[in-house]
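Visitor: When you get a sec, could you give me coordinates for this:
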Amino acid sequence: MRIVERHPEFHNPKDWSGKPSGLYASDHDVFAFLVDGGSVVEEPEGFGHRPSQLHRGFFVRNSETGAGLFELCFFLFRVVCGNHIIWDAENVMRFRIRHNRLAPEHFDRAEATDAIELAEREEGDGRTLWQVVQGLTARARDMIHVDARVDLEKRAGRLLKLAA
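Guide: Below you'll find the predicted structure:
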């Protein structure tokens, strides 16, 4: 709900009755489905079809009890129907982490904090994906070991692919 409050371009798709829907939670898990109604990606006229518009969407799910995976999925789509079937999804990118004792190691909090601080210093702010990626590459410049620097720059590049 905070994402919707902070980013009004995202909203929940509507169910068959026209009511916004797509946020589900229980005592141990959560699922959120959001679409971007503001921006449109124009698909060029191609082989045998007329130009069409693609919209951005994503969903995230998590289980506090470890009953499922943490999953974040980004995609482009043409239509979402009232029962949340996504039609003509393209450029689907998924990030999944299995819940176990090593899951927190997938996220290096110090690295993310440094990236945001460097983005604020070099870019003036650290709120957009572009600025955070700039912060990550600035952090990479200070690394002594080339393999660690290249690894961080590759991961920063994958972040940009998510937004492309």
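
Visitor: which stretches of the chain have low pLDDT?
Guide: Along the chain, segments meeting pLDDT under 70 span 1, 4, 37-40, 42-51, 66, 99-107, 109, 162-164.

Visitor: Identify, by residue count, the longest helix of it.
Guide: Criterion DSSP state H: the longest helix present in the chain is helix 146-163.

Visitor: Going along the chain, name the strands of the chain.
Guide: 10-11, 23-25, 29-43, 52-63, 70-77, 79-80, 86-87, 90-97 (DSSP state E).

Visitor: Mind giving me the packing neighbours of the first one?
Guide: The reference is to strand 10-11. helix 2-6, strand 29-43 (3 or more CB pairs under 8 Å, 6 or more residues apart in numbering; DSSP states H and E). No exception for glycine: its C-beta is placed from N, CA and C like everyone else's.

Visitor: In contact with the residue positioned nearest the centre of the chain, which residues?
Guide: Central residue of the chain (CA atoms, centre = their mean): Phe74, 5.4 Å from the mean position. The contact partners of Phe74, taken as CB atoms under 8 Å, 6 or more residues apart in numbering, are 56-58, 91-93, 162.

Visitor: Of those residues, select the buried ones using a ChimeraX command.
Guide: The ChimeraX selection below is limited to those of the contacts of Phe74 classed as buried (16 or more other CB atoms under 10 Å):
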select :56,57,58
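
Visitor: Of all pairs in the contacts of Phe74, which one is the farthest apart?
Guide: Using CB to CB, the contacts of Phe74 reach their maximum pairwise distance at Gly57 and Leu162, which is 12.8 Å.

Visitor: picking that back up, columns distance to Asp125 on top of the strands of the chain, output as a markdown table?
Guide: A markdown table is the format used below for the strands of the chain (distance: least, CB to CB, whole Å):
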| stretch | distance to Asp125 |
| --- | --- |
| strand 10-11 | 20 |
| strand 23-25 | 28 |
| strand 29-43 | 20 |
| strand 52-63 | 22 |
| strand 70-77 | 22 |
| strand 79-80 | 32 |
| strand 86-87 | 32 |
| strand 90-97 | 24 |
